[in-house]
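J.: got a predicted structure plus its sequence, pasted below:
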Amino acid sequence: MPLHKIRDFDPDYRQHFEDRDVISYDLYSGSERIGSVDDLLVDDSGKLRYLIANTGAWIFGKKVLLPIGRARIDYSSRRIMVDGFTRAQVEALPQYDGNLSVDYEHEEQVRNVYRPTGAATGKAPAIDYDRDTYAYDRDPSLYNLDETNHQNLRLYEERLIANKTRTKTGEVAVGKRVETETASVSVPIEKERIVIERTSATDAGRTAAPDATAFQEGEVARVETYEETPDVRKEAFVREEVRVRKEVEQETVQAEETLRREELDIDTKGNPVIDKGTDSRGKRSK
């Protein structure tokens, strides 16, 4: 599994460590200072696997990997104790180069130095795995912190998380219907009619010369008549326009819940000296 410097893996890693960032802590083997912590290596899951130990003047400034399970962290004195860490082990460990990635072979060299059957006893470890089958839980003594020296308790508290859920409250369907009504209109029209008037001649009784139509039978005159008829039709026109749109109204809804928070109770016997530190809100524990 690839390893990453903790700053590369999470630039904001310090907020998870609070005031317990072990980078720059001093390394001690017994009462002897053997160097300091330059950096931390984590795997893809973010789990701490190695301390990068700078041995300083102890072994000519050699940097080596120290499995986290070999460390006992003393936060109060800002020290990391490594029991039984010897010069022979440091000399047997491969040099760590921060510019190169740590591969499986490099880790195996490191593990073989720290394993009980490694360089300390001169016996080769029995290997039943390879780079594809190895898992860190095969070496719990190297990668698991000793819980007797690092007991962590988690205190929980509740907080309100305000979210919004969009739900359908209804819908509006806009349609049309056709209504009918009977309309009437008055249209004045004209009709022609023939009026035949017969009057007595003013020169009745006098002798007159007959015209060309005199004493002829049949049609002697023709007059055409006309009348108007109403021409009524329907035309469609736009009476009004209707626009359909939505408006969003905002309002603030107040919600209340009872939140719970766990506090630490410390029961002491005798007169132990206890540094209770500060809580996550920066308040000094009582």
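T.: Sure, I can see it.
J.: sort out which residues of the helix or strand of the chain with the lowest mean pLDDT are buried, please.
T.: Within the chain, confidence by mean pLDDT, DSSP states H and E is lowest for helix 14-17 among all helices and strands, at a mean of 75. Residues of helix 14-17 include none that count as buried (16 or more other C-beta atoms under 10 Å). In this view, the C-beta of every residue, glycine as well, is placed from N, C-alpha and C.
J.: and that helix, C-alpha only, in CSV?
T.: Extracted in CSV, the C-alpha atoms of helix 14-17 (Å, rounded to 0.1, in the frame of the first residue of the first chain):
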residue,chain,number,x,y,z
ARG,A,14,-3.2,19.5,12.6
GLN,A,15,-6.8,20.2,13.3
HIS,A,16,-7.3,16.4,14.0
PHE,A,17,-4.2,16.3,16.3
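J.: give me the residues contacting that helix.
T.: Defining contact as C-beta atoms under 8 Å, 6 or more residues apart in numbering, one finds that helix 14-17 is touched by D10, D21.
J.: over to stretch 92-111?
T.: By C-beta under 8 Å, 6+ apart, the residues outside stretch 92-111 that reach it are 2-3, 5, 39, 41, 50, 52, 62-65, 67, 113, 118-119, 131, 134, 139, 142.
J.: only alpha carbons, please: show it as PDB.
T.: Backbone C-alpha positions of stretch 92-111 (Å, rounded to 0.1, in the frame of the first residue of the first chain) are rendered in PDB as follows:
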ATOM      1  CA  ALA A  92      20.900  -2.100   9.900                       C
ATOM      2  CA  LEU A  93      17.900   0.100   8.900                       C
ATOM      3  CA  PRO A  94      17.800   1.400   5.300                       C
ATOM      4  CA  GLN A  95      18.400   5.100   4.900                       C
ATOM      5  CA  TYR A  96      15.100   7.000   4.400                       C
ATOM      6  CA  ASP A  97      15.100   9.400   1.400                       C
ATOM      7  CA  GLY A  98      12.200  11.800   1.400                       C
ATOM      8  CA  ASN A  99      12.500  12.400  -2.300                       C
ATOM      9  CA  LEU A 100      11.800   8.700  -3.000                       C
ATOM     10  CA  SER A 101       8.700   6.700  -2.400                       C
ATOM     11  CA  VAL A 102       8.800   3.900   0.200                       C
ATOM     12  CA  ASP A 103       8.300   0.600  -1.600                       C
ATOM     13  CA  TYR A 104       7.500  -2.900  -0.300                       C
ATOM     14  CA  GLU A 105      11.200  -4.000  -0.300                       C
ATOM     15  CA  HIS A 106      12.100  -0.900   1.800                       C
ATOM     16  CA  GLU A 107       9.400  -1.700   4.300                       C
ATOM     17  CA  GLU A 108      10.400  -5.400   4.500                       C
ATOM     18  CA  GLN A 109      13.900  -4.300   5.400                       C
ATOM     19  CA  VAL A 110      12.600  -2.100   8.100                       C
ATOM     20  CA  ARG A 111      10.200  -4.800   9.400                       C
END
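J.: surely T229 is in contact with V187?
T.: No - with contact defined as C-beta atoms under 8 Å, T229 does not reach V187; the gap is 9.2 Å.
J.: if I look at the most far-flung residue of the chain relative to its centre, how far off is T213?
T.: Going by C-alpha atoms, centre = their mean, the residue of the chain most distant from its centre is T207, 124.8 Å out. Applying C-beta to C-beta, to the nearest Å, the value for T207 to T213 is 18 Å.
J.: where do the strands sit along this structure?
T.: Counting by DSSP state E, one finds strands in the chain at the ranges 4-5, 26-29, 32-42, 48-54, 63-67, 72-74, 79-81.
J.: how far does the second one sit from its chain's centre?
T.: When C-alpha coordinates are averaged (C-alpha atoms, centre = their mean, to the nearest Å), strand 26-29 and its chain have centres 44 Å apart.
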